[in-house]
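> Let's see this in three dimensions:
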Amino acid sequence: MHTPIHHYEILPSTNAEAKKMILNGAREGILLAEHQTAGRGRLGRSFFSENGIFMSVIIAPEKIPFDTGFLTSAVAAAVCRAITEKGFDVGIKWVNDIYLDGKKICGILAEAVSMGAETLAYVVGIGINVGESDFPEEIRDIAATLLLNEKEKEKLFFSVLENIEKVLAENKKTILSYLKEKSIVLGKDIRFFGVKDGEGRAIDLDENGGLVVLTDANEKIILTGGEISVRVR
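The predicted structure follows:
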């Protein structure tokens, strides 16, 4: 990517800063913060941001070759590839988390920035836990970190950028195939919350990355948003 990189020692949130830049006319850009003080996850949740790669990528609408609802899934594939290339056996928890050995190491948050009816640009925030992290007790059992030195961490950052560039030029079916291969929820019993609430089995991804679920009532539904958790029987 030949996009300008804005490097910060500390920011409240790279996504929030990227939104300001978009409203001020930016249509591309990469933001990287060494630390975040107010990182956010999906549904407005806080995102623990002690050590790692905290970045946001600004993407102009015309640079997205597929339905924009697929953007989060495509970036999840890109990040998963970048981490896998570093030798870690990671998987994707639908729709926006990367897991290592059953623990979350990365979250992705894609947001549209609009003015009136016009979408100005999209911002994709990526937080990857890297290096030593003293996780708060409430997430210690569900969060993990990639043990990489500073040089490897920098290489991973640039690999993520390269892989995002690749998925924005890639055949959608190829991305979907990879998402299915790397899914840690397909074939599992799950609970789903948010847009719809219920339980069932995750059986497939549709052509837009939606999660196809066979509910316990034997009804086939497609989740396009909300949250899921894997049921432990």
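> Hmm, Ile64 and Leu168 touching each other?
Yes: assessed by C-beta atoms under 8 Å, Leu168 is found in contact with Ile64 at 6.8 Å. All C-beta spots, glycine's among them, are computed from the backbone N, C-alpha and C.
> Neighbour count for these two, which is higher?
Neighbours were tallied for Leu168 and for Ile64 using other C-beta atoms under 10 Å; the higher tally belongs to Leu168 (18 against 15).
> so how far is Leu147 from Gly137?
Wrong residue type there; residue 137 is Glu, not Gly. Glu137 sits 21 Å away from Leu147, going by C-beta to C-beta, to the nearest Å.
> now swap in Val75 and tell me
To Leu147, Val75 is 23 Å away according to C-beta to C-beta.
> same question for stretch 182-189, mean pLDDT?
Mean per-residue pLDDT for stretch 182-189: 98.
> any idea of the pLDDT on Pro136?
Predicted confidence (pLDDT) for Pro136: 66.
> Renumber starting at 44 from here on
Okay, residue one is now 44; in that scheme the one you just asked about reads as Pro179.
> picking that back up, compare Val118 and Leu190 (neighbour count), which wins?
Just comparing Val118 and Leu190: by other C-beta under 10 Å the higher neighbour count belongs to Val118, 25 against 12.
> Can you tell me the SS state at that one?
Taken by DSSP: H, G, I helix; E, B strand; the rest coil, the conformation at Val118 corresponds to helix.
> you'd agree it is up against Ile151?
Yes: using C-beta under 8 Å, Val118 is in contact with Ile151, at 5.5 Å.
> Now for these two: what residues contact both?
Residues touching both Val118 and Ile151 comprise 167, 169, with contact defined as C-beta atoms under 8 Å, 6 or more residues apart in numbering.
> since we're on Lys209, how many residues are nearby?
Taking other C-beta under 10 Å as the criterion, the count of residues near Lys209 is 16.
> Contacts for whichever strand or helix holds it next, please.
In this structure, Lys209 is located in helix 193-210 according to DSSP states H and E. Under the contact criterion C-beta under 8 Å, 6+ apart, helix 193-210 has outside partners 44, 73, 75, 96, 98, 100, 117-118, 120-122, 124-126, 128-129, 167, 169, 171, 173-174, 189, 191, 218.
> Which of those fall in strands?
With strands taken from DSSP state E, the overlap with the contacts of helix 193-210 comprises 73, 75, 96, 98, 100, 167, 169, 171.
> Check the contact between the second one and His50; I expect there is one.
This points to Leu75. Yes: proximity of Leu75 to His50 meets the contact threshold set by C-beta under 8 Å, at 5.1 Å.
> of those two, who's got more company?
Leu75 (19 against 10).
> Report the contact partners of that one.
Contact analysis of Leu75 by C-beta under 8 Å, 6+ apart lists 48-51, 57, 96-98, 200.
> List the beta-bridge partners for it.
When assigned by DSSP bridges, Leu75 has beta-bridge partners His50, Met98.
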